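1. I would like to see how this sequence folds:
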Amino acid sequence: MSYIAHLTLVLQTLYLLSESQELTRRAIKLAVTSYLASPMSGEVHARIQEYDTQLTVLERADRDTLDKIVEVMQFYSINAEDISMLRAKIPPVGSSSDEPWENEKP
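-> Below you'll find the model as predicted:
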């Protein structure tokens, strides 16, 4: 359950960074890093963990779980007006040169 919420929110961050440009590894890494460093990441994790600890094994496959994912996603979704405002604050990521997935080891 948390995987779906975290992935969706990382993709939302990536959408903010991409500005309809070709995605680069640098943009993807920046989206993941900025999401993980944000308070939202911890809040989402805590909300889901709190909900999850109350469930039995059978309840985890129930429709209520899907409803809870939708609830969390709607709570943290960014509307179009906010996206425009946030994009204006984000410096260009630059898609001309790319970087490797991992830092090269000496």
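2. for stretch 30-46, give me every contacting residue.
-> 2, 5-6, 9-11, 13-14, 16-17, 72, 76, 93 (CB atoms under 8 Å, 6 or more residues apart in numbering). Bear in mind the C-beta positions are built from the backbone N, C-alpha and C, glycine included.
3. which positions within it qualify as buried?
-> Within stretch 30-46, the residues that count as buried by 16 or more other CB atoms under 10 Å are 30-32, 34-35, 40-41, 44.
4. any idea how far it is from the chain center?
-> Relative to its chain's centre, stretch 30-46 lies at 7 Å (CA atoms, centre = their mean, to the nearest Å).
5. with stretch 20-37 instead?
-> 10 Å.
6. show me the helices in the protein, by range?
-> With DSSP state H, the ranges of helices along the chain come out as 2-18, 25-37, 39-53, 63-76, 80-89.
7. can you check which of these gets nearest to residue 99?
-> Proximity to residue 99 (CB to CB) singles out helix 25-37 among these, at 5.1 Å.
8. that older thread, out of the buried residues of stretch 30-46, flag the one nearest to residue 64.
-> Minimum distance to residue 64 across these is 17.8 Å, recorded for residue 44 (CB to CB).
9. so where is this protein shaky, pLDDT-wise?
-> Residues of the chain meeting the criterion pLDDT under 70: 1, 55-63, 80, 87, 90-98, 103-106.
10. in JSON lines, list the contacts of stretch 30-46 along with distance to residue 54.
-> Shown next, in JSON lines, are the contacts of stretch 30-46 (distance: CB to CB, whole Å):
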{"residue": "2", "distance to residue 54": "14"}
{"residue": "5", "distance to residue 54": "17"}
{"residue": "6", "distance to residue 54": "20"}
{"residue": "9", "distance to residue 54": "22"}
{"residue": "10", "distance to residue 54": "26"}
{"residue": "11", "distance to residue 54": "27"}
{"residue": "13", "distance to residue 54": "29"}
{"residue": "14", "distance to residue 54": "31"}
{"residue": "16", "distance to residue 54": "33"}
{"residue": "17", "distance to residue 54": "35"}
{"residue": "72", "distance to residue 54": "15"}
{"residue": "76", "distance to residue 54": "20"}
{"residue": "93", "distance to residue 54": "40"}
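11. right, I'll leave it there.
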